[in-house]
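Peer 1: got a predicted structure plus its sequence, pasted below:
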Amino acid sequence: LAFMLSYILSPIVDVLVQRLRFPQEVAVVVTLLLSVGLLGVFTFIMISSLKELVTDMEQYEKRLKSLGEQATQLLDRHGADLFTTQLELAELPLGAIAHQLRMLVSNAAGMLELLFLVLVFVVYLLLARRPGQGPRKGMAGRIEGRIKNYLSVKMMLSVVVGSLCSLTLWLLDIHLSLLFGSVHFVLNFIPNEG
């Protein structure tokens, strides 16, 4: 994770050092402050949305049961045999899901500890680079350039996809549209990183 973040953040450090003439240490600190700020906004959105989801869990449970009953009545009217396809909504563990969401929110301290360790490694990797030297030569340079290009395109694509998902859900007046857009942004990396 730290290696990937250093590749994502290195272009920002390069711009600050080469174009704005910041010292490398200051550029790394500014870049980390920007990324921690963005991560803080993302975390705030996720935690507040999860708290709202846990608070409204009973309402969602009632709505889900109501939709199940409506679907059952609709299928009964059209003569469908529900013996094997009937959904037993009373057995859904929504209380356990709400408990797990509460535990996730309360375990934020462990996540912050992990974030701190990752940031230490990112600082080390960013300070070990020399932005003014230009690209490496040979195979290592081509590999590094391709990795940077891939991660940049992947990041931009994920931002666009997550934003469009949030915007579409917000326009459709779907509850927790920011949460779903943020999760969509994060999960866009999973097939490649997981």
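Peer 2: That came through fine. Numbers count the residues shown, from 1 in each chain.
Peer 1: check what pLDDT the most centrally placed residue in the chain gets.
Peer 2: In the chain, the residue lying closest to the centroid (CA atoms, centre = their mean) is V186, at 2.8 Å. pLDDT for V186: 81.
Peer 1: what's the weakest-modelled helix or strand in the protein?
Peer 2: Taking mean pLDDT, DSSP states H and E as the measure, the chain has helix 190-193 as its least confident helix or strand, at a mean of 60.
Peer 1: what helices or strands is the biggest helix by length in the chain leaning on?
Peer 2: Determined from DSSP state H, the single longest helix within the chain is helix 138-171. Using 3 or more CB pairs under 8 Å, 6 or more residues apart in numbering; DSSP states H and E as the contact test, the elements touching helix 138-171 are helix 2-18, helix 177-187. The way it works is simple: take the backbone N, C-alpha and C, and place the C-beta from them, glycine included.
Peer 1: and that helix, what's buried?
Peer 2: With burial defined by 16 or more other CB atoms under 10 Å, the residues of helix 138-171 counted as buried are 148, 151, 154-155, 158, 162, 165-166, 169.
Peer 1: would you list these in TSV and tack on pLDDT and distance to F116?
Peer 2: Shown next, in TSV, are the buried residues of helix 138-171 (pLDDT from 0 to 100; distance: CB to CB, whole Å):
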residue	pLDDT	distance to F116
K148	77	25
L151	78	23
K154	84	25
M155	82	22
S158	88	24
G162	90	25
C165	92	30
S166	91	28
L169	90	33
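Peer 1: below-threshold pLDDT in this structure: ranges please.
Peer 2: Judged by pLDDT under 70, the chain has its weakly predicted residues at 79-95, 97-98, 101-102, 104-106, 108-109, 131-136, 190-194.
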